[in-house]
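# can you look at this prediction? I've put the sequence above it.
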Amino acid sequence: GILEPAAMAFILLALRPTRSDLSVLLVVVAISVGIGGLLNMIQTIPAMKTLAVMQDRRLFFSRITYFNVGLFGEMLAMAMPLLLATLLAQRRGHLHLPQGVVAVLISTLAVSVVSLFLTFSKSAYLATFGGCLVLLLLVVHSWRRRIAIVFATALLSTVVIPWPAFFLQVSPPLEQAYRSTMVSLMGESRYNSWNPSTLSGQGSLIERWYATRAALQMAVDHPLLGIGLDQFKGQYVGHYRPPEAHLDLDWAHSMFPEVAAELGLPALILDLIFYAAAMLALWRIYRAPPDPLTRLLASALLAVVVSWLLVGTAFAGDMYR
């Protein structure tokens, strides 16, 4: 099942585990997701054989472990900051893990990076970069290093997020070279899905925006109790879908608008308070920790919540239900 990180934060604060207990829990969570990624690669790479086939059949990548590639990408986005934080704690001497465990963690990180790439999931890419960036900015104390980390993260993101294409329009040869490289990595359909002017982008971005906008209108029309749990599709297709939309989407593709639409504004307010309280508690621990390890753990959990919120905003859907 999926434990929302805000709920996990409250549970951990209530149980008050020792720092070693918490470290073990985070390691177990991260490694379990890595095992899922390893199983996915074992069952798909030999069967599909080429990167082009994996691009075309990406939805089958995590079918036997997480069923939905978006859900698996979300789990990876939350596991990666945990892996990085644990390895940082070991490197700084805050943890004293056996060398075998460290080797497993490094291997898990490598498997998770490859698995993340093979999801070809936009929301997972954005959430992973966002969460890991937050973690690194929190654990580094020099502003010069923080600026360098931001630039390095932006540069690294160009491998899976084709944002440079917008700026390369001024030079068609450079844009075409960049496009050819990215298409070879992620496939033409996934590359085009970042561009709302293409057919793939219409379905991946514009249609989802129509659904999110409709959810906001549903919340305005039914502010107290919403339209009812799991009633989005009927209301969207019957009343709120704009004429220019074509897909019969059954969720808002964004967590908070969907909560507001199906459960009402009071539920949305409670949801926002829930996340804000968890993040505030972690921030207070980060600002006044009893020791460096606790500060690092608070940074990791903050990064995990950020990853969750990013992927929940960009994807939502099954995880919300």
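Yep, it's here. Predicted model, so just to flag it, every value in this text is computed and none were measured.

# make it CA atoms for all contacts and neighbour counts henceforth
Will do.

# residues contacting stretch 292-301, please?
For stretch 292-301, contacts defined as Cα atoms under 8 Å, 6 or more residues apart in numbering pick out 5, 9, 19, 23, 81-82, 85, 89, 94-95, 135, 138-139, 282-283, 285-289.

# what residue ranges in the stretch 201-321 of the chain score low on pLDDT?
Applying pLDDT under 70 to the stretch 201-321 of the chain flags the ranges 316-321.

# can you do 90?
201-208, 229-230, 232, 238, 244-255, 290-291, 293-294, 311-321 (pLDDT under 90).

# returning to what we had before: filter the contacts of stretch 292-301 down to the ones in helices?
Those of those mapping onto helices are 5, 9, 19, 23, 81-82, 85, 89, 135, 138-139, 282-283, 285-287, per DSSP state H.

# measure Ser157 to Ile273 for me?
31 Å (Cα to Cα, to the nearest Å).

# that should have said Leu137, apologies.
According to Cα to Cα, Leu137 stands 25 Å off from Ile273.

# that older thread, and Ser157 and Ile273? Which one has more around it.
Just comparing Ser157 and Ile273: by other Cα atoms under 10 Å the higher neighbour count belongs to Ser157, 16 against 12.

# state the pLDDT value of the closest residue to the more buried one other than its chain neighbours.
In this structure, Ser157 finds its nearest non-sequential neighbour in Phe129, 7.3 Å apart by Cα to Cα, 6 or more residues apart in numbering. We have a pLDDT of 95 for Phe129.

# so for the helix or strand that contains Phe151, what gets flagged as buried?
Using DSSP states H and E, Phe151 maps to helix 143-157. For helix 143-157, a neighbour-count test (16 or more other Cα atoms under 10 Å) marks Arg146, Ile149, Ala154, Ser157 as buried.

# which of these sit farthest apart?
Maximum pairwise distance among the buried residues of helix 143-157 (Cα to Cα): 16.3 Å, between Arg146 and Ser157.

# quick one: which of the buried residues of helix 143-157 is nearest Tyr191?
For the buried residues of helix 143-157, the nearest to Tyr191 is Ser157 (13.7 Å; Cα to Cα).

# against Phe151, how distant is that closest one?
10 Å.

# please apply the same query to Phe166.
Going from Phe166 to Phe151 by Cα to Cα gives 18 Å.

# neighbours around the closest residue to Phe315 other than its chain neighbours, how many?
Once flanking residues are discounted, Phe315 sits nearest to His253: 5.0 Å by Cα to Cα, 6+ apart. Using other Cα under 10 Å, His253 is surrounded by 26 other residues.

# all good on my end, thank you.
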